[in-house]
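Chemist: Predicted structure and sequence below. I'll ask about it afterward.
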Amino acid sequence: QKEVEQDPGPLSVPEGAIVSLNCTYSNSAFQYFMWYRQYSRKGPELLMYTYSSGNKEDGRFTAQVDKSSKYISLFIRDSQPSDSATYLCAMSGEGAAGNKLTFGGGTRVLVKP
Amino acid sequence: GAVVSQHPSRVICKSGTSVKIECRSLDFQATTMFWYRQFPKKSLMLMATSNEGSKATYEQGVEKDKFLINHASLTLSTLTVTSAHPEDSSFYICSAGPSGNTIYFGEGSWLTVV
């Protein structure tokens, strides 16, 4: 079993719909949770960063972390064709292990005009 | 936000030659940088952790003599692919962060070995 599980998709939605992405993980030591967006042939771009459990909102993006269930989510409201990309969840622990990220496999999202 | 820059973005080299990829943190100092490799439609695979002023830490299965890492300053890490072969062709990405848990990625470098 992988440390971080993420449905590879593809997830296809019509423009304007809400995109719902999630990851599950097994390592209870993870404290920091990130979502990255990666366009084809480009480096990942940091979208959201959350520490421990809770919700965080930034524009059209909302990140949720439920540490009790070891489950994190990313919601994209009013999706646009430009949101079509691969979304990677990533997480890390405290202290010396804090810099080392463990990634999900990525979910490919396609927003159709 | 913090910026991590990679150069070159694309390189083609002949089999048997070596190629160097640079990773720079533009507006922060990074004692630690990370090098990843990514195959098409696959997630990122951590190759090594680059430590400023000391030896890099390589992940299991990554040949340290093949992928030389030098982190000579707080803003620059380099990855040298030595005696490159076609199977080394890939997308190489570095990452770093201004604080322990906020990590930014470079734009990536496409290596093609012919």
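Modeler: On my side now, so go ahead. Residues are numbered from 1 along each chain as shown, chains lettered A, B, ... in the order given.
Chemist: Scan chain B for its longest strand.
Modeler: Criterion DSSP state E: the longest strand present in chain B is strand B:90-99.
Chemist: Close to chain A: what parts of chain B are there?
Modeler: Applying C-beta under 8 Å from any C-beta of the partner chain, we find that chain B lies next to chain A at B:1, B:6, B:32, B:34, B:42-44, B:46, B:49, B:91, B:93, B:95, B:97, B:100-108, B:110. All C-beta atoms are positioned from the backbone trio N, CA, C, and that covers glycine.
Chemist: could you flag which of the residues you listed are buried?
Modeler: If you count burial by 16 or more other C-beta atoms under 10 Å in any protein chain shown, the buried members of those come out as B:6, B:32, B:34, B:43-44, B:46, B:49, B:91, B:93, B:95, B:97, B:101-108.
Chemist: is stretch A:40-52 anywhere near chain B?
Modeler: Yes. Stretch A:40-52 is in contact with chain B by C-beta under 8 Å from any C-beta, via A:41-46, A:49, A:51.
Chemist: So what touches that stretch?
Modeler: The contact list for stretch A:40-52 (C-beta atoms under 8 Å, 6 or more residues apart in numbering or on different chains) reads A:31-39, A:56, A:58, A:61, A:63, A:65, A:67, A:72, A:74, A:85-88, B:1, B:6, B:44, B:91, B:93, B:101-108, B:110.
Chemist: where are the low-confidence patches of the chain?
Modeler: Looking at chain A here, since you left the chain open. Counting by pLDDT under 70, the ranges of chain A that qualify are A:95-98.
Chemist: Chain B is the one I meant
Modeler: Scanning chain B for pLDDT under 70 picks out the ranges B:1-2, B:100-101.
Chemist: For the residue positioned nearest the centre of chain B, list the residues it contacts.
Modeler: Taking C-alpha atoms, centre = their mean as the criterion, residue B:35 is the residue nearest the geometric centre of chain B, at 3.8 Å. The neighbourhood of residue B:35, defined by C-beta under 8 Å, 6+ apart, consists of B:23, B:46-50, B:67, B:69, B:77, B:79, B:92-94.
Chemist: Right, I'll call it a day here.
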